[in-house]
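In: I would like to see how this sequence folds:
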Amino acid sequence: MQYWYRLKEISNQNLDRDQLLMKVGAAKTEAGRAASLVEIMLPSVQQPVSPQIFRFRLCRDKLHKVRRHEGQYLPRSNLCAEDPAVLWKYYMLLVEVEEAFKTLKMDLSVRPIYHQKDSRIEAHIFVAFLAYMLQVTLKQRLEALAPGLTVRSVLEKFVSIQMIDVYLPTTDGKDLLLRRYTQPDKDQLLLLSRLKLNLPDQPRPQLLDRRPEMGRLRMHA
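Out: The predicted structure follows:
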């Protein structure tokens, strides 16, 4: 336990009472609930700091009690008449719904957007739902092909792959559009191979009529 080793380090330091209290308090705050497993004897105001006065011991009875409850999770419900298997199924459905909202807020960064037209509201819901379906699809693919990876880690790895639009003006008043995506590095190629995904071929150049705002480099992910 890190808290226990930290107390040992403090006991070997040459400190006065105020310094000792500050260091012990900081260690206790960092340890959190684990601090209750250790009983500490501190010097009084008039006592000097020494190994005989500043002592600590492990509360073994509390430690055994905590270890007995490790890895055990007991949900409670007021639906006493239901079969426990059915209750567990309901609970797992609740977990999946909460995980979906967590994914929309964190991984997909979906935030409230206030619309004034029904068509825009429906479009917003559709895009958010489509993004979530893609996230679920990627999660299932990872479980089958790369169990040690999470959706978040994969998205962070692929975030550097971007699409670039380069508009080059021609002498006849048009624009040559070169649409290119950045080449993946070795780690990204390995991950794509593991997921059995292939990037499409680079798009062919397009000759477009020039618009006033064209004729410059534009990048978008």
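In: quick one, strands of the chain?
Out: With DSSP state E as the criterion, the chain has strands at 38-41, 55-58, 163-169, 174-181, 206-209, 217-220.
In: Figure out which of the ones you listed is closest to Leu94.
Out: strand 38-41 (36.9 Å; CB to CB). Where you see a C-beta, it was placed from the backbone N, CA and C, and this is true even at glycine.
In: Within its sheet, name the partner strands of the closest one and how each one runs.
Out: Strand 38-41 pairs in its sheet with strand 55-58 (antiparallel), by DSSP bridges.
In: What distance do you get for Tyr132 to Asp118?
Out: According to CB to CB, to the nearest Å, Tyr132 and Asp118 sit 21 Å apart.
In: For those two, indicate the residue with more neighbours.
Out: Each of Tyr132 and Asp118 has its neighbours counted (other CB atoms under 10 Å); Tyr132 has more, 17 against 8.
In: Now the more buried one. Nearest residue, chain neighbours left out?
Out: Counting by CB to CB, 6 or more residues apart in numbering, Tyr132 lies nearest to Leu104, which is 6.1 Å off, once chain neighbours are set aside.
In: State the pLDDT value of Phe217.
Out: Rather than Phe, residue 217 is Leu. Per-residue confidence for Leu217 comes out at a pLDDT of 48.
In: for this structure, what helix or strand is lowest in average pLDDT?
Out: The helix or strand with the lowest mean pLDDT-type score in the chain, counting by mean pLDDT, DSSP states H and E, is strand 217-220 (a mean of 45).
In: re the thing from before, what's the neighbour count on the residue nearest to Tyr132?
Out: Other residues near Leu104 come to 17 when the count uses other CB under 10 Å.
In: Touching, it and Phe129? I think so.
Out: No - distance between Leu104 and Phe129: 9.3 Å, which falls outside the contact criterion (CB atoms under 8 Å).
In: Next up, phi/psi of the residue in the chain sticking out farthest from the centre, please.
Out: In the chain, the residue that sits farthest from the middle, by CA atoms, centre = their mean, is Asp172; the gap is 51.4 Å. With angles defined as degrees, to the nearest 10, Asp172 sits at phi -100, psi 20.
In: how much space between it and Asp18?
Out: Taking CB to CB as the measure, Asp172 and Asp18 are separated by 82 Å.
In: so what does the longest helix seen in the chain touch, helix or strand wise?
Out: Under DSSP state H, the helix in the chain containing the largest number of residues is helix 118-145. Contacts defined by 3 or more CB pairs under 8 Å, 6 or more residues apart in numbering; DSSP states H and E place helix 118-145 against helix 84-105, helix 151-158.
In: tell me the pLDDT at the residue nearest to Tyr132?
Out: 73.
In: count of neighbours near Val154?
Out: Using other CB under 10 Å, Val154 is surrounded by 19 other residues.
In: same thing with Ala85?
Out: By the criterion of other CB under 10 Å, Ala85 has 7 neighbours.
In: What separation is there between it and Tyr91?
Out: 11 Å.
In: For the protein, which residues score under the pLDDT cut-off?
Out: Screening the chain residue by residue with the criterion pLDDT under 70, one finds the ranges 1, 71-73, 107-108, 211-221.
In: Could you list the domains of the chain?
Out: Per the record's domain assignment (automatic domain parsing), the chain is made up of the domains 2-68, 84-156, 162-220.
In: To Pro75, which of those lies closest?
Out: With distances scored as CB to CB, the stretch of the domains of the chain nearest to Pro75 is domain 84-156 (5.5 Å).
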